[in-house]
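Participant: Sequence first, predicted coordinates after that:
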Amino acid sequence: MVTEEELAQMTPEELAEFQKQNCVFCQIASGKIPSKEVYSDEESIAVLDINPAAKGHMLLMPKGHYSVMPQLPEHLAEHMFMVTKGLSQAALKALQCKGTTIFVANGVAAGQKAPHFMIHIIPRNDGDGISMTIPSREFSKKDVEAVGAVLKKVLWRKKAVEAEVVKDEKTTAAAGIKKGKSKKAAKISGKNRKQESKKTGKKSFDLDAISDMLGK
Ligand SMILES: [Zn+2]
């Protein structure tokens, strides 16, 4: 049994390894824990949920240990969405359901219980009694405008960083020098984040922090 104190003393690498060793879904992905597998490729696996909301409720997960969506490498995020499309299609065809609910609980606040990222694919039929009700609330025009502006600002900044990386790649290729492109991107985004914190006086929004919460 590992104590809180021992956990606190672990390096980030040791902590990641510890999480992986203790992750039920990593053990399902590696076959150590038996499951009803319906699909598998090099990087992902889909199994039937042991507590299904409906017949054919599938869980698609990466074979590697990633707690939350922001940790997924871009190619894997793309790949998993394509596999999700295929699984949904298979459910519609094989189970003759009328639709599918595709669902991700990304972070504790969103109801995530397991520390391993996964996508739920739930076959749906009329009157199947599954409730996924998202409330419809009223906010003031001022609040809606403010939240839109803040989101736009962050998204455009991300675009600017990506453009900077592309520019950097081109310059590097032209000069024939090997240089860390992601390092530069991290530097830029880190700088922006710091500036943002300074301006607003608030802690910047960081989904990666959720994985730390999940790991404890
Ligand atoms: Zn895992």
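Facilitator: Nice, thanks for sending it over.
Participant: Tell me which other helices or strands the biggest helix by length in the chain touches.
Facilitator: Secondary structure of the chain per DSSP state H: the longest helix is helix 141-175. Where contact means 3 or more Cβ pairs under 8 Å, 6 or more residues apart in numbering; DSSP states H and E, helix 141-175 is packed against helix 181-200. Bear in mind the C-beta positions are built from the backbone N, C-alpha and C, glycine included.
Participant: ranges for the strands of this protein?
Facilitator: With DSSP state E applied, the chain shows strands at 37-40, 44-48, 58-62, 99-103, 119-124, listed in chain order.
Participant: Could you state which residue of this structure sits nearest its centroid?
Facilitator: residue 69 (1.0 Å; Cα atoms, centre = their mean).
Participant: one step back: tell me the buried residues in the longest helix of the chain?
Facilitator: Counting neighbours by 16 or more other Cβ atoms under 10 Å, one finds that the buried residues in helix 141-175 are 157, 161, 164, 168.
Participant: Give me the distance between the third one and the ion.
Facilitator: The reference is to residue 164. 33 Å (Cβ to the ion, to the nearest Å).
Participant: can you start the count at 708 instead of 1 from here on
Facilitator: With the count now opening at 708, the last piece we talked about shows up as residue 871.
Participant: can you tell me how far that residue sits from residue 795?
Facilitator: According to Cβ to Cβ, to the nearest Å, residue 871 stands 36 Å off from residue 795.
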